[in-house]
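> Requesting a structural model of the entry that follows:
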Amino acid sequence: MASWKAKQEGVLAATRDAAKKAKPTDELDAEMERLEESIPEPPRIPRLLLGDETPESLAWSLAKLWPSSGVISSEAGVIFGAHGMGKDSIMRNLALLNIAWDGGELPVGRKTTESFVMRGVRLTVALQIQEPTLRSFFERSGGLARGTGFLARFLFSWPESTQGYRLFTEAPDQWPHLEAFNRRLTDILEQPVSITEDGTLEPVMLTLAPDAKAAWVEFTDAIEAELRPSGELYDVRDVASKCADNAVRIAALFHVFEGGIGPISLDAFEGASRIAAWHLTEARRFFGELALPSELVDAAKLDAWLIEHCRRHRSNTVGKRHVRQHGPLRDGARLDTAIGELVEMDRLRVEKDGRKIALTLNPALCEAES
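Numbering: from 1, shown residues only. This is a model prediction of the structure:
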């Protein structure tokens, strides 16, 4: 670029000098045109991991820098609380992420700088986030996160807390499977990327083997049948509608990772479909609780904790002070509200002895857990 600018400045200086002396500048003008057509393009340098990006910055990075990236964060509160998720830009950001997931095309027009088109890109989004932060995002987005289909594109995992059971164990000296996994990832990353002259990806088209396609059709139809008003997946039909799509994507990943040649095999799809189905079950559990009022969510958490306490200590009575110190709800007002909900549902009884308050769980619940 420095060399090109020097040549441009030289032609401009010669043109100015010729103009002052009233000499013809046709050859210099033609040279300037040739220079404009040969302006050097900066090299594309992979930028694989992205973080808190505005919609415009994310689109620019994919379109102009590197067409394959990942927004990956173990503290996704930074992502959901970022400027791009503010009330003025959340719709544009969600739309951008949806288009990137679909492998679609998005023209981005600008007044002061170069306009461009995002096409032929691939974007991975992998986020870990605390439940309260995610609930806050849902409240701020006013239903847009789910209404736009943004959440439906994710594979949900909502594991139960293991706090209190994470006893120390020595790490093994070697991790042979992890080492093999990392070696394979390195091999894949070292393969040349098929990028066109305009910077878009041109990946190899994968197909399903006949038996794998038959299994995919069966999987798709089984899910579709449960999207009816009386079906098990009716309440999460937005997520379920993407499940078969996600299953075949996972199968393609397995196929590539294992160095498969030719069509995607039945084994790859069957493994992928089990994983997709498991995540669909997690999404049902997640959205089922998310749809509840916060009071009922707290009541459900307290109920589960009390049942577990009953099972471990073989007693259906526990002091309220102990519950507040060791249970899932430390806030006094929220705890009282949750206790009231469980009392109304006949799952709990409150007993007072002077200034002491004890909570007695319905014995039938402990028996059911035994």
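
> how about low-confidence regions in the chain?
For the chain, residues meeting the criterion pLDDT under 70 lie at 77-78, 81-89, 111-112, 142, 290-292, 367-370.

> Break the protein down into its structural domains.
Using automatic domain parsing, the domain ranges for the chain come out as 2-37, 49-154, 204-290, 294-369.

> ok, and for the shortest one, which residues are buried?
Meaning domain 2-37. Under the neighbour-count criterion of 16 or more other C-beta atoms under 10 Å, domain 2-37 has 11, 14-15, 25, 28, 31-32, 35 buried. The C-beta positions use only the backbone N, C-alpha and C, and glycine is treated the same way.

> what's the offset of it from the middle of its chain?
Put simply, domain 2-37 sits 52 Å off its chain's centre (C-alpha atoms, centre = their mean, to the nearest Å).

> mind checking the end-to-end distance for that domain?
From its first residue to its last, domain 2-37 covers 16 Å (C-alpha to C-alpha, to the nearest Å).

> Format the domains of the chain as JSON lines; extra columns: distance to residue 182.
Formatted as JSON lines, the entries for the domains of the chain read as follows, by distance: least, C-beta to C-beta, whole Å:
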{"stretch": "domain 2-37", "distance to residue 182": "40"}
{"stretch": "domain 49-154", "distance to residue 182": "16"}
{"stretch": "domain 204-290", "distance to residue 182": "12"}
{"stretch": "domain 294-369", "distance to residue 182": "37"}
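
> where exactly do the helices run in the stretch 201-350 of the chain?
Using DSSP state H, counting those that start in this stretch, the helices of the stretch 201-350 of the chain run over 210-225, 237-240, 243-257, 266-290, 294-313, 320-326, 332-344.

> Any idea which of those helices gets closest to residue 198?
Proximity to residue 198 (C-beta to C-beta) singles out helix 243-257 among those, at 24.3 Å.

> farthest pair in the buried residues of domain 2-37?
25 and 35 (14.1 Å).

> Might one say that residue 184 is in contact with residue 257?
Yes - between residue 184 and residue 257 there is a contact under C-beta atoms under 8 Å: 6.3 Å.

> what about residue 250, how many neighbours?
Residue 250 has 20 neighbouring residues, counting by other C-beta atoms under 10 Å.

> check contacts around it.
Contacts for residue 250 (C-beta atoms under 8 Å, 6 or more residues apart in numbering) come out as 271-272, 275-276.

> hmm, try it at 10 Å
Residues in contact with residue 250, defined by C-beta atoms under 10 Å, 6 or more residues apart in numbering, are 155, 268-269, 271-276, 279.

> Quick check: the residue lying closest to residue 254 once chain neighbours are set aside vs residue 247, distance?
Nearest in space to residue 254, with sequence neighbours left out and distances taken as C-beta to C-beta, 6 or more residues apart in numbering, is residue 268 at 4.3 Å. Between residue 268 and residue 247 the distance, using C-beta to C-beta, to the nearest Å, works out to 10 Å.

> What distance do you get for the closest residue to residue 105 other than its chain neighbours to residue 319?
Beyond its immediate neighbours in the sequence, the residue positioned closest to residue 105 (C-beta to C-beta, 6+ apart) is residue 119, lying 4.2 Å away. Noted for residue 119: a distance of 63 Å to residue 319, by C-beta to C-beta.

> now the strands for this protein?
49-50, 68-73, 106-108, 116-118, 122-127, 317-319, 348-353, 356-361 (DSSP state E).

> re the thing from before, would you agree the residue nearest to residue 105 is in contact with residue 202?
No - contact criterion C-beta atoms under 10 Å: residue 119 and residue 202 do not qualify, at 11.3 Å.

> Among the two, which residue is more densely surrounded?
Of the pair residue 119 and residue 202, residue 119 is the one with more neighbours under other C-beta under 10 Å, namely 18 against 11.

> residue contacts, that one?
Taking C-beta under 10 Å, 6+ apart as the definition of contact, the neighbours of residue 119 are 62-63, 67, 99, 103-107, 198-201.

> For those, please prepare CSV with the additional fields distance to residue 284.
Below are those laid out as CSV (distance: C-beta to C-beta, whole Å):
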residue, distance to residue 284
62, 32
63, 36
67, 34
99, 27
103, 27
104, 28
105, 33
106, 31
107, 37
198, 42
199, 40
200, 37
201, 34
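
> Helices - which of these land there?
By the criterion of DSSP state H, membership of the contacts of residue 119 in helices covers residue 99.

> Most neighbours of all the contacts of residue 119, which one?
If you count neighbours using other C-beta under 10 Å, the busiest of those is residue 62, which has 27 neighbours.

> residues near the closest residue in space to it that isn't next to it in sequence, how many?
The spatially closest residue to residue 62, leaving aside those adjacent along the chain, is residue 121, at 4.2 Å (C-beta to C-beta, 6+ apart). Using other C-beta under 10 Å, residue 121 is surrounded by 23 other residues.

> my guess is residue 121 meets residue 68, correct?
Yes - counting by C-beta under 10 Å, residue 121 does reach residue 68; the two are 6.8 Å apart.

> Need the overlap of contacts for the two.
Shared contacts of residue 121 and residue 68, defined by C-beta under 10 Å, 6+ apart, comprise 62, 201.

> I'd guessed residue 138 sits against residue 80; true?
Yes - with contact defined as C-beta under 10 Å, residue 138 reaches residue 80; the gap is 9.4 Å.
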